[in-house]
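A.B. asks: Predicted coordinates and the sequence they were generated for:
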Amino acid sequence: MQEARAILMSSTPECPGKDRWLQAEGKQLATQIFLKTLAAVDVRRTMLARVRKEGDRLVFPGSIPAAGGSPGGQDSVPLTSPPRVIAFGKAALQMAQSLHEILGGDIRAGLVVAPTEPAVQIDRFRNVVGGHPYPNAGSLKGGRAALEIVTGLNRDDLVIFLISGGGSALLELPQDPAVTLADMIEFNRLLVTCGLPIEQINVLRKHVSAVKGGRLALRAFPARQLTVFISDVPEALDSVVASGPTMADPSTVDECYSIAQAGGLARELPASLRQHFEERTLEETPKPGDRRFECSHYCRLLSNRDAVEAARAAAGELGLVAEVDGGPWDADYREVARANLAALDELAVRHPGRPVCLVGGGEVTCLVTGPGRGGRNQAFVLYAAGLITGRHRVVLSAGTDGRDGNSPASGAVADGQTLARAQSLGRDPAQDLAASDSYEFFRALADTLETGYTGNNLRDVRLWLDLGC
């Protein structure tokens, strides 16, 4: 922190240290803000602070009432007998370990479906390694195991679902047994690369799956159910997280057919799935108001808003005037970058000579146009680097899960000299962007962010810095 403050103090309106800052320190400062953000939204710390056992009840924030009403307050479920626990998603291991600690290990049976093996075995939990961004054999194994755990329960039983982003691929089972794993992999590959927003992608996923769109909860009925989830989707779209396996589904099969037709996806689907779309034979998912959800409780543990606010606070602690962007977060990456830059201009004008930081979140859309390595965050930064060329600014965009697209990086950081440095190394920014090869572009500059898997998934964080020069 002292180093960061020293950088800021040396950046007067005349910018005597601008060359040194542009070369390295500005990017280091942005990276420090991002790393502080990840630390602030730690899963274990959050669960231990917000979920607790009080006597024979489990108490948690009542962010989503089971049967309508306004969010807020506290809610609880009775612990008259040890619960069954099913955790899946990128934060599954951390959530399961934390709940195990909260309950003192008093769990009847547990299942964890995560992208990696656990470092330490959790007592009474079975571990399955699922696939991401595409399902694998473990994903289907996990789907079958989850259905088995919740089958044949009664009203005195309690099931706790711990759900986080990435669960759509990690936990899967086709509704139609004729649909193979290879079919599901191709289906998800089309969805991930087509450029559709996540809410539309998950409408399609819900209607071809035996565990999504509320169907896992129906299998658990009439047991009492608690879903604690970490949201990686836009606010007010909680039923989209992991394709909503335990929530009533407001989307319809008609929407599903329309999305597939409008995006030109229907004709590209594997034959086993294409037949359902052409003949309109997909089964409808359970809807809001279905009485089988009356004993279900929901707790939103963390969301992208928490990450964005943590980034704003971190920037403020380091001496920057920080604000949260009020523009679009989930549009085309070029549109969002231009809007962000305009907002940064306005923020800098309001605080002349002061270092400022604009913070954004969400997930931009980015159509895959080539065979390279990268993701929406690195593509965003590569495009944005062209907008700030020669200027005293820094831009960072990274995923809170530690992975961006098909690359090993979580994102990238750039400043006003990035394109000049790249060109001196023989990199063609336009060519790399067209080839979806933003990872190789930033790797050549040593400007990728390599956090490794974080065990969390709160969408993306974007930072724009202007040090008042």
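C.D. replies: Yes, it's here. Numbering: from 1, shown residues only.
A.B. asks: can you list the weak-confidence ranges in the stretch 1-150 of the chain?
C.D. replies: Within the stretch 1-150 of the chain, the segments meeting pLDDT under 70 span 1-24, 63-72.
A.B. asks: Do a quick rundown of the helices in it.
C.D. replies: In the stretch 1-150 of the chain, the segments counted as helices under DSSP state H, counting those that start in this stretch are 2-10, 18-20, 26-40, 43-50, 92-102, 137-150.
A.B. asks: repeat for the stretch 301-450 of the chain
C.D. replies: 304-317, 333-350, 376-387, 418-424, 429-434, 438-445.
A.B. asks: right, so those: which one is the most enclosed?
C.D. replies: Among these, helix 376-387 has the highest mean neighbour count (mean count of other C-beta atoms under 10 Å), at a mean of 26. All C-beta atoms are positioned from the backbone trio N, CA, C, and that covers glycine.
A.B. asks: Alpha carbons of that helix, in CSV - could you do that?
C.D. replies: These are the backbone C-alpha positions of helix 376-387, laid out as CSV (Å, rounded to 0.1, in the frame of the first residue of the first chain):
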residue,chain,number,x,y,z
ARG,A,376,-14.0,-11.6,-23.1
ASN,A,377,-11.8,-9.9,-20.5
GLN,A,378,-8.6,-10.0,-22.6
ALA,A,379,-10.5,-9.0,-25.7
PHE,A,380,-12.0,-6.1,-23.9
VAL,A,381,-8.6,-4.9,-22.7
LEU,A,382,-7.0,-5.3,-26.1
TYR,A,383,-9.8,-3.2,-27.7
ALA,A,384,-9.6,-0.7,-24.9
ALA,A,385,-5.9,-0.4,-25.3
GLY,A,386,-6.5,1.2,-28.7
LEU,A,387,-8.8,3.8,-27.1
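A.B. asks: okay, the angle between it and helix 333-350?
C.D. replies: If you take axes from the mean of the first three to the mean of the last three C-alpha atoms, to 10 degrees, helix 376-387 sits at 60 degrees to helix 333-350.
A.B. asks: Select, out of the helices of the stretch 1-150 of the chain, the one closest to residue 174.
C.D. replies: Minimum separation from residue 174 across those (C-beta to C-beta) falls at helix 137-150, 8.0 Å.
A.B. asks: Give the buried residues for the closest one.
C.D. replies: Within helix 137-150, the residues that count as buried by 16 or more other C-beta atoms under 10 Å are 138-143, 145-147, 149-150.
A.B. asks: I'd like these laid out as CSV, including distance to residue 247.
C.D. replies: Listed next are these as CSV, based on distance: C-beta to C-beta, whole Å:
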residue, distance to residue 247
138, 24
139, 20
140, 22
141, 23
142, 19
143, 17
145, 20
146, 15
147, 17
149, 18
150, 15
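A.B. asks: and of those residues, the nearest to residue 196?
C.D. replies: So of those, ranked by how close each gets to residue 196 (C-beta to C-beta), first place is residue 139, at 20.8 Å.
A.B. asks: what sits against that closest one?
C.D. replies: Contact analysis of residue 139 by C-beta atoms under 8 Å, 6 or more residues apart in numbering lists 113, 130-131, 169-172.
A.B. asks: buried subset of the residues you listed?
C.D. replies: Buried subset of those (neighbour count, 16+ other C-beta under 10 Å): 113, 130-131, 169-172.
A.B. asks: The contacts of residue 139 in strands, which ones?
C.D. replies: If you go by DSSP state E, these have residue 113 in strands.
A.B. asks: Check the contacts of residue 139 against residue 179 and report the nearest one.
C.D. replies: Of all the contacts of residue 139, residue 179 sits closest to residue 172, with 10.2 Å by C-beta to C-beta.
A.B. asks: burial measure for the nearest residue to residue 308 once chain neighbours are set aside, as a count.
C.D. replies: In space, and not counting its chain neighbours, residue 308 is closest to residue 361: 4.2 Å by C-beta to C-beta, 6 or more residues apart in numbering. Using other C-beta atoms under 10 Å, residue 361 has 24 neighbouring residues.
A.B. asks: Pretty sure residue 329 is one of the things residue 361 touches, is it not?
C.D. replies: Yes. Residue 361 lies in contact with residue 329 (C-beta atoms under 8 Å); the separation is 5.5 Å.
A.B. asks: Assign a three-state SS to residue 213, would you?
C.D. replies: Secondary structure state of residue 213, per DSSP: H, G, I helix; E, B strand; the rest coil, is coil.
A.B. asks: next one: the one 4 residues further on
C.D. replies: With three-state DSSP as the basis, the three-state label of residue 217 is helix.
A.B. asks: That one and residue 461: what is the separation?
C.D. replies: 31 Å (C-beta to C-beta, to the nearest Å).
A.B. asks: now for the helices of the stretch 301-450 of the chain, which one comes closest to residue 100?
C.D. replies: Comparing the helices of the stretch 301-450 of the chain under C-beta to C-beta, the one sitting nearest is helix 304-317, at 22.9 Å.
A.B. asks: What is that closest one packed up against?
C.D. replies: helix 26-40, strand 321-324, strand 356-360, strand 460-466 (3 or more C-beta pairs under 8 Å, 6 or more residues apart in numbering; DSSP states H and E).
A.B. asks: Can you check what angle separates that helix from helix 43-50?
C.D. replies: 100 degrees.
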